[in-house]
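Novice: take a look and give me a structure for this.
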Amino acid sequence: MSVYEQLKNKLDLAFDPDEIATRYTVERDRRVRTDYEAQFLSVTRTDGTESKFFAEDPYTPVTAREAEDTDLDFLVVGGGWVGLVTAARLREAGYDDIRILDGAGDFGGVWYWNRYPGAQCDIQSYVYLPLLEETGYMPRERYARQPEIQEHAQRIGRHFDLYRSARFHTWVREMRWDEGSARWIVTTNRGDTYRPRFALVGTGSASRPRLPGIPGMSDYRGHTFHTSRWDFDYTRGDANGQLDGLRDKRVAVIGTGASAIQVVPHVAAAAEHTYVFQRTPSSVSPRGNAPTDPEWFSSLQPGWQQALHQEFDRVLKDGRPESPILQSETVLTMAMNADRVLSQLDPEELTPEVLAEVVDLADHMTMGGVRDRVDELVLHREHAEILKPWYGFMCKRPTFNDEYLPAFNRPNVTLIDVADTKGVERITEHGVVAGGVEHQVDCIVFASGFEITSDFEKRMGIPIHGENGESLYDHWREGMRTLHGIMAHGFPNLFVVGGLFTNTLSPNYCAPIDGQVRHVVHVVEELRRRGTRVAQPTEEAEAAFVAAQRADSTPTSMLFGNGPETCTPGYYNQEGAPTEKRRDSRLESFPRGADAYWRMLEEWRSAGKLEGLEVRA
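Specialist: Alright, predicted model coming up:
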């Protein structure tokens, strides 16, 4: 007897899993395209210049500076969370000879660029914002908004004295290992040449925007911009809305992912008319924001943030939060539903097959609640049906918002379903064509996201050549071959931190970053203690780590249900590409989960042997 049959009456489950699975397949097939990731345009070139659809930096003027030509101990590529945490931990360890490069005009990474109205974090600020204890900062709200998040990035920069080491509006053109000097040779768009002993690439998972490759984009004569380059000169207002410049404008928003969920309510409130073009609806759960309770925050004991990180990741496995603050974390709903199912079963019954059923059942319960919420909030019946997501909880990035769904009750908002044409058909001089109908608009906002799971070269955008001139992207052609998800054979003294590897460990992106950075600092400290200069994984150690990732497919997280083959297309499954066309995504994850990953790293460090690394003077 299936888990569903055992618990249908006990849990009052008013759905049929087989019917839902069939509906998922139908909806997936409506949207899958044969060009997969190639349907998108990469807008940022490797020299840091931008395409005609994309402003370089509308927020901070580029200032002239002299080119630098210098040896360094450390070069950190990226000034977002990864680069900031990396540089901060290096400073704590006593290292001063650091250079931080970023193409933005200040620290913040994606939170520097994403200033669109409504921009807000989807993970509670107490677990998301890094280095809160170190900087002594109390977030203003449970879910921090963009201005506060960027302010915190700047706070970290000041607290750890990182500004003097930073070079902004600076893009890396190439990184190449020089065996003779045992250094990386790094050149930039500003004419710099840096020769660091250690290179740390921390470009994150959302540093390179992309656009849908819609025919006719070059023909459009109206105004256009990407959400990560919001044009406040055109819209007026600020991150809180009040977009008075749109009062007499017809605006098209193309895309309905995480950015659009936050943008649409503000555009709808301001524009004469808003057209939202949707291929696939997002799952939209309640936000539940609230001001931080100062009394609660002041009661926290030293080490509280790391403890909260650990509990957050533990809940993903067992679904039982003890901290009251995590009991209200919506992204954990799936895990808590799984725990609700597990509580009705005999522990002796929990074979891997039963556990997989539990996860799927929890997934159906979670997504059923998401679809019920659409019916509760959207009065326009046709809009409501189009807005219901028919796929598993983690097939697409889940979102959390209290204003998005009600926005479709406005008479000046039109939702246009483009699933059957698998996207917008074309753009003309005057508007957007969908279903054979041209919708004339004054402005197009592309809410089309970032190169998060595309091929590594598009995602990172930096030519990186290791020993014998080998490209890192050739080394990773079939998947991310590493030791510990951080170092690669043939690329000495190169550390790649962050990116999708940390996303698969936890939806709380910042906690895995800090764990990986501490590991990097340990390796560097050990090399210094031994009086050696160079380290890289042996070919055998890298192969063993890769084999372990591929071999273990036991589910470890109650967050993930349906696999990529059954999911609607999105960046999590490389836009629905079949297995034979996808890179091995298992190599960007640690199959035994976050807890096991941290234990493995801690045991490796405690052994003090640098096992698996080839070390030389």
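Novice: contact partners of stretch 29-42?
Specialist: 51, 208, 210-213, 279-280, 419-420, 422-423, 448, 451, 454-455, 458, 461, 568-569, 574-577, 581 (Cβ atoms under 8 Å, 6 or more residues apart in numbering). Yep, even glycine has a C-beta here, placed from its N, CA and C like the rest.
Novice: same thing with stretch 327-334?
Specialist: 122-124, 142, 285-288, 312, 315-316, 319, 321, 326, 362-363, 366, 369, 393-394, 398, 400, 507, 558-559, 561.
Novice: before we move on, the earlier item: from the contacts of stretch 29-42, which land in strands?
Specialist: Using DSSP state E, 210, 211, 212 are the members of the contacts of stretch 29-42 that sit in strands.
Novice: identify the residue spatially nearest to the second one, adjacent ones excluded.
Specialist: Translated: residue 211. residue 41 (4.5 Å; Cβ to Cβ, 6 or more residues apart in numbering).
Novice: low pLDDT regions in the stretch 501-617 of the chain?
Specialist: 553-565, 580-581 (pLDDT under 70).
Novice: so what's the predicted local confidence for the residue nearest to residue 211?
Specialist: Reported pLDDT at residue 41 in the predicted model: 83.
Novice: Three-state assignment for it, please.
Specialist: strand (DSSP: H, G, I helix; E, B strand; the rest coil).
Novice: any idea how far it lies from residue 254?
Specialist: The gap separating residue 41 from residue 254 is 13 Å, by Cβ to Cβ, to the nearest Å.
Novice: cool, residue 382 as well?
Specialist: 20 Å.
Novice: tell me which of these two has more neighbours.
Specialist: residue 254 (26 against 11; other Cβ atoms under 10 Å).
Novice: which residues does the more buried one contact?
Specialist: 212, 214, 277, 424, 432, 444, 445, 446, 447, 448.
Novice: residues in contact with the least confident helix or strand in the chain by mean pLDDT?
Specialist: Lowest on mean pLDDT, DSSP states H and E among the helices and strands of the chain sits helix 500-505, with a mean of 76. For helix 500-505, contacts defined as Cβ under 8 Å, 6+ apart pick out 205, 313, 452-453, 480, 482, 485, 509, 512-513, 516, 588-590, 593-594, 597.
Novice: what packs against the helix or strand just after that helix?
Specialist: Following helix 500-505 in sequence order, the next helix or strand is helix 510-530 (DSSP states H and E). In this structure, helix 510-530 packs against helix 81-92, helix 125-128, helix 304-318, helix 500-505, strand 534-537, helix 593-607, strand 613-616, with contacts taken as 3 or more Cβ pairs under 8 Å, 6 or more residues apart in numbering; DSSP states H and E.
Novice: centre of the chain to the first one, how far?
Specialist: Centroid separation for helix 81-92 versus its chain: 19 Å, with Cα atoms, centre = their mean, to the nearest Å.
Novice: over to the fifth one?
Specialist: The gap between the average C-alpha position of strand 534-537 and the chain average comes to 28 Å, counting by Cα atoms, centre = their mean.
Novice: so after that strand, what's the next helix or strand?
Specialist: Taking DSSP H and E, what comes next after strand 534-537 is helix 539-551.
Novice: start to end distance for stretch 284-303?
Specialist: Stretch 284-303 has an end-to-end distance of 33 Å (criterion: Cα to Cα, to the nearest Å).
Novice: need the buried ones from the contacts of stretch 29-42 selected in ChimeraX.
Specialist: ChimeraX command restricting the contacts of stretch 29-42 to the buried ones, with burial defined by 16 or more other Cβ atoms under 10 Å:
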select :208,210,211,212,279,280,422,423,448,451,454,458,461,568,569,574,575,576,577
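Novice: how about the residue nearest the centre of the chain, what does it touch?
Specialist: Closest to where the C-alpha atoms of the chain average out (Cα atoms, centre = their mean) is residue 205, at 5.0 Å. By Cβ under 8 Å, 6+ apart, the residues touching residue 205 are 450, 452, 459, 498, 499, 500, 502, 503, 509.
Novice: correct me, but the fifth one touches residue 208?
Specialist: So the one you mean is residue 499. No. Under the criterion of Cβ atoms under 8 Å, residue 499 makes no contact with residue 208, lying 11.5 Å away.
Novice: what touches both of these two?
Specialist: Residues within reach of residue 499 and of residue 208 at once, by Cβ under 8 Å, 6+ apart, are 459, 460.
Novice: what about residue 483, distance to residue 596?
Specialist: Here the criterion is Cβ to Cβ. By it, residue 483 lies 16 Å from residue 596.
Novice: and residue 567, by the same measure?
Specialist: From residue 567 over to residue 596 (counting by Cβ to Cβ), the distance is 25 Å.
Novice: the two: which is more packed in?
Specialist: Higher neighbour count among residue 567 and residue 596: residue 567, with 19 against 15, using other Cβ under 10 Å.
Novice: helix, strand or coil: sort out the residue nearest to the more buried one when sequence neighbours are not counted for me.
Specialist: Take residue 567 and drop its neighbours on the chain: the residue closest to it by Cβ to Cβ, 6+ apart is residue 395, 3.5 Å away. With three-state DSSP as the basis, the three-state label of residue 395 is coil.
Novice: residue 395: neighbour count?
Specialist: Residue 395 has 28 nearby residues by other Cβ under 10 Å.
Novice: for the stretch 1-150 of the chain, what spans make up the strands?
Specialist: 40-42, 69-77, 98-101 (DSSP state E, counting those that start in this stretch).
Novice: for residue 181, which of those strands is the nearest?
Specialist: Taking Cβ to Cβ, strand 69-77 is the member of the strands of the stretch 1-150 of the chain nearest to residue 181, at 8.5 Å.
Novice: re the thing from before, tabulate the helices and strands packed on helix 510-530 (CSV), appending distance to residue 179.
Specialist: Below are these laid out as CSV (distance: least, Cβ to Cβ, whole Å):
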stretch, distance to residue 179
helix 81-92, 25
helix 125-128, 41
helix 304-318, 39
helix 500-505, 27
strand 534-537, 9
helix 593-607, 27
strand 613-616, 11
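Novice: so which of those comes closest to residue 2?
Specialist: helix 304-318 (22.3 Å).
Novice: next secondary structure after the closest one?
Specialist: helix 324-327.
Novice: buried set for that following helix?
Specialist: Buried residues in helix 324-327, counting neighbours by 16+ other Cβ under 10 Å, are found at 325, 326.
Novice: with stretch 464-472 instead?
Specialist: 464, 465, 466, 470, 472.
Novice: tell me which of these fall in strands.
Specialist: Using DSSP E, these in strands are 464, 465.
Novice: and the buried residues of stretch 464-472, which two are furthest apart?
Specialist: Those two in the buried residues of stretch 464-472 that are separated most widely, counting by Cβ to Cβ, are 464 and 470, at 9.4 Å.
Novice: if we can go back for a sec, make JSON lines out of the contacts of residue 205 and add distance to residue 240 and neighbour count.
Specialist: Listed next are those as JSON lines, based on distance: Cβ to Cβ, whole Å; neighbours: other Cβ atoms under 10 Å:
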{"residue": "450", "distance to residue 240": "23", "neighbour count": "23"}
{"residue": "452", "distance to residue 240": "27", "neighbour count": "19"}
{"residue": "459", "distance to residue 240": "31", "neighbour count": "22"}
{"residue": "498", "distance to residue 240": "29", "neighbour count": "30"}
{"residue": "499", "distance to residue 240": "31", "neighbour count": "27"}
{"residue": "500", "distance to residue 240": "31", "neighbour count": "21"}
{"residue": "502", "distance to residue 240": "30", "neighbour count": "28"}
{"residue": "503", "distance to residue 240": "28", "neighbour count": "21"}
{"residue": "509", "distance to residue 240": "24", "neighbour count": "21"}
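Novice: will you turn those residues into CSV that also has distance to residue 161?
Specialist: Compiled in CSV, the contacts of residue 205 are given as follows (distance: Cβ to Cβ, whole Å):
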residue, distance to residue 161
450, 30
452, 32
459, 31
498, 22
499, 26
500, 31
502, 26
503, 29
509, 25
